[in-house]
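J.: quick one: sequence plus predicted model below, questions after.
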Amino acid sequence: MTSRTRPARNFLQRISLAPRASWLGAGALLCALATQAAVLPEDRADIMYHRYSGGGITVEGPSVLVRKSIGESFSATANYYVDAITSASVDVVVSGASQYTENREQKSIGLDYLHGKSMWSAFYLTSSENDYKANTWSLGVSQDMFGDLTTVSFGYSQGHDKIGDSTDPTFRDEIDRRNYRFGLTQILTRNSLMSFNFETVTEQGYLQNPYRFMRYVNLSGTYTLAPETFPRTRTSSAGSIRYKHYLPWRASAEGQYRFYSDTWGIQAHTAGIEYTHPLKDGRWTLNGSYRFYTQNGADFFSDLFPYQDAQNFMARDKETSPLTGHTLGFGASYEFPVAFASWLKRGTANLHLSRMMIDYKEFRDLRGLPPGTVPPGTEPLYALDANVVQFFLSFWF
Amino acid sequence: MSKTIHSLRVLLVAALVSVPALAVAPQGPAPQFRLESMGGKPVALEQLKGQVVMINFWASWCGPCRQEMPLLEKLYAKYKPMGFTMLGINVEPDSTLAAGFLQKTPVTFPILFDTKSEVSKLYEVAGMPSTAIIDRKGNLRWVHRGYKPGDENEYLNQIRALVRE
Amino acid sequence: MKGAVRILLLLSGAATVLAASGCKPIEPWVKPYERERLADPVMAMDPDPVSSSYMDHVYEVREGARGATGGAGGGCGCN
């Protein structure tokens, strides 16, 4: 793909929080929806308010999820989700653009069919913001075996995204994407179980963010911003393991690890622990978690390229840079009395708070440091702290 | 990659076409047992010879078990006058959970507590819930594994046949 | 990496066929009536899908890695 020069004033008007991630809800939601293969999942409705705030970006909105069984063999699910974005992120500010606001709307529906010890699932997700439209279809099957101690599952997703650029009406491109998933959950003892998950994603098309930019050392010895050039294909594989253990005082502890590797040269390790503790009053449940994430950078990433057109592929996108992140989470859930409504089996009010702390190892913070102020490459490294709030009500009926 | 996926799909469909039968007809006398009951007095299977006995292994944590309970109550009420009895054997080590469930969904048939899983092992319980139907002579005639709405019609037919003996 | 994926998927497919055909039944070492702890909500792999899918989304936006976040199975093992 040839680099396109753009007039400086149009450079990077805004960043969309999730141009690449619009479809990701599909995979995550599908995996989250397939619970046990021998009984249909419970009927429930969840109404959530979510808010992410950090690094100059605030994204908030509702998520409403409803699951209802139809007859004895089918269970249908639907989700409506909105990200209302206000962004003055490091990428927006450095480009010279002003703060922007945007809405991303996501809708999905799914159907599960239970037959004996098999659960077949179909799922469709569509996401739309003014410069990015994503559609994903998913199919899955889950099978209980070996005396219901083992559950094996397979999943396939196919997605198609249409990308635009709000600063350039002539820009149009696409992404085609396929996901292949395999999962195996094994009950180990009366008190413990373990889950393995494996997923390969392969994409082709326009895989970069049209609003980001890279920089190179110019002939004056300062830096010049220029468009990034990414490869038009990407294949990644990830394998994870989760272990959950029942503690004798009625609590649970979970550990997880994931290894990730892709054809862009990014390798990542994710590790986390979680502890869930219901209080003796039978109403409150507390939850605490810690997650560690580290990745190296893409082969074609550099915060500062030595000169113009130094490589075929050049990226300065901070999400493809070497970084390490820590997330601390705390949650509280209150089961409220439901005697007032006979159709309600159970209801909970939940609050989850997370704090994400990300350190970028090579990506530098250029805010307030336009070309010529300091020698390029000596700017401070960027760090991001974000607070995530989830407040939701859950009803089982 | 697509060829592999295709062959996997074929394998999967072939494997899943046959669903194992859920009702088994074994032969022979039903294993004897004696368990504490919620009513207070212990109940032994021997005492019930001459009646058609239906044993339902259940737990408060088991969704299909909870779903089945009101239907078992109906069966009990209908056939009790004809020499039929139902025993609800709760398999949980902690009996208070069963009591808690029964407060909200009471039944009139005897509830027995198999807290050490001895009777579950004796009857080779292979799924939750499990239902065993024993004839007037004390022979084990039918074993059902699991519960799906509609199964109660099978129970009806089997009980009806056995009470006529 | 692609070859390994293919082999893994084929093996899992074969395992599925064997198990479903009951070719060599393995006695479960956790009996159906011994699953009270595994059926406890505290042991659910994904108790709040609306929350887990949201957090997966947040992480995928901020990070380069994606995938393998699911977990199905466990629970009561009824029916």
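T.: Yep, it's here.
J.: straight-line length of stretch A:370-384, end to end?
T.: End-to-end span of stretch A:370-384 (CA to CA, to the nearest Å): 20 Å.
J.: now that stretch: how far from the chain's centre is it?
T.: 29 Å (CA atoms, centre = their mean, to the nearest Å).
J.: can you pull the pLDDT of residue 6?
T.: I'll assume chain A. Predicted confidence (pLDDT) for residue A:6: 34.
J.: wait, chain C was what I had in mind.
T.: For residue C:6, the pLDDT comes out at 65.
J.: cool, and residue A:20?
T.: 48.
J.: just the helices in the chain please.
T.: Let's take chain A. A:24-33, A:90-95 (DSSP state H).
J.: my question was about chain C
T.: Under DSSP H, chain C gives helices at C:2-20, C:49-62.
J.: compare the helices of chain A and say which comes out lowest on pLDDT.
T.: Looking at the helices of chain A, the bottom one is helix A:24-33 with a mean of 37.
J.: picking that back up, which of the helices of chain C has the lowest average pLDDT?
T.: The lowest average pLDDT among those, as it happens, falls on helix C:2-20, at a mean of 57.
J.: can you say which helix or strand has the residue nearest the centre of chain B in it?
T.: Central residue of chain B (CA atoms, centre = their mean): residue B:131, 2.0 Å from the mean position. Using DSSP states H and E, residue B:131 sits within strand B:130-134.
J.: strand partners (parallel or antiparallel) of that strand?
T.: Next to strand B:130-134 in the sheet, as set by DSSP bridges, lie strand B:52-58 (antiparallel), strand B:140-145 (antiparallel).
J.: ok, the residue nearest to the centre of chain B - contacts?
T.: B:54-57, B:142-144, B:147, B:155 (CB atoms under 8 Å, 6 or more residues apart in numbering or on different chains). All C-beta atoms are positioned from the backbone trio N, CA, C, and that covers glycine.
J.: chain B: strands as residue ranges?
T.: For chain B, strands defined by DSSP state E occupy the ranges B:23-24, B:34-37, B:43-44, B:52-58, B:84-90, B:111-113, B:130-134, B:140-145.
J.: with distance to residue A:148 and mean pLDDT as added columns, please give those strands in a markdown table.
T.: Formatted as a markdown table, the strands of chain B follow (distance: least, CB to CB, whole Å; pLDDT from 0 to 100):
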| stretch | distance to residue A:148 | mean pLDDT |
| --- | --- | --- |
| strand B:23-24 | 17 | 65 |
| strand B:34-37 | 25 | 94 |
| strand B:43-44 | 30 | 94 |
| strand B:52-58 | 15 | 96 |
| strand B:84-90 | 20 | 96 |
| strand B:111-113 | 24 | 96 |
| strand B:130-134 | 13 | 95 |
| strand B:140-145 | 11 | 92 |
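J.: distance to residue B:121 for the ones you listed - can I get that in a markdown table?
T.: Output for the strands of chain B, formatted as a markdown table (distance: least, CB to CB, whole Å):
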| stretch | distance to residue B:121 |
| --- | --- |
| strand B:23-24 | 17 |
| strand B:34-37 | 13 |
| strand B:43-44 | 17 |
| strand B:52-58 | 11 |
| strand B:84-90 | 12 |
| strand B:111-113 | 15 |
| strand B:130-134 | 12 |
| strand B:140-145 | 14 |
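J.: residue A:71 is in contact with residue A:113, correct?
T.: No - with contacts counted by CB atoms under 8 Å, residue A:113 stays clear of residue A:71, the gap being 10.2 Å.
J.: of the two, which one has the most company?
T.: In this view residue A:113 and residue A:71 are compared by other CB atoms under 10 Å in any protein chain shown, and residue A:113 has more residues nearby, 15 against 9.
J.: show me what the more buried one is bridged to.
T.: residue A:74, residue A:120.
J.: please report how far it lies from chain C.
T.: 15 Å (CB to the nearest CB, to the nearest Å).
J.: which residues sit in contact with residue 62?
T.: I went with chain A, as the question did not name one. Applying CB under 8 Å, 6+ apart, we find residue A:62 in contact with A:47-50, A:80-82.
J.: actually chain B
T.: With CB under 8 Å, 6+ apart, residue B:62 has these contacts: B:128-129, C:39, C:76, C:78.
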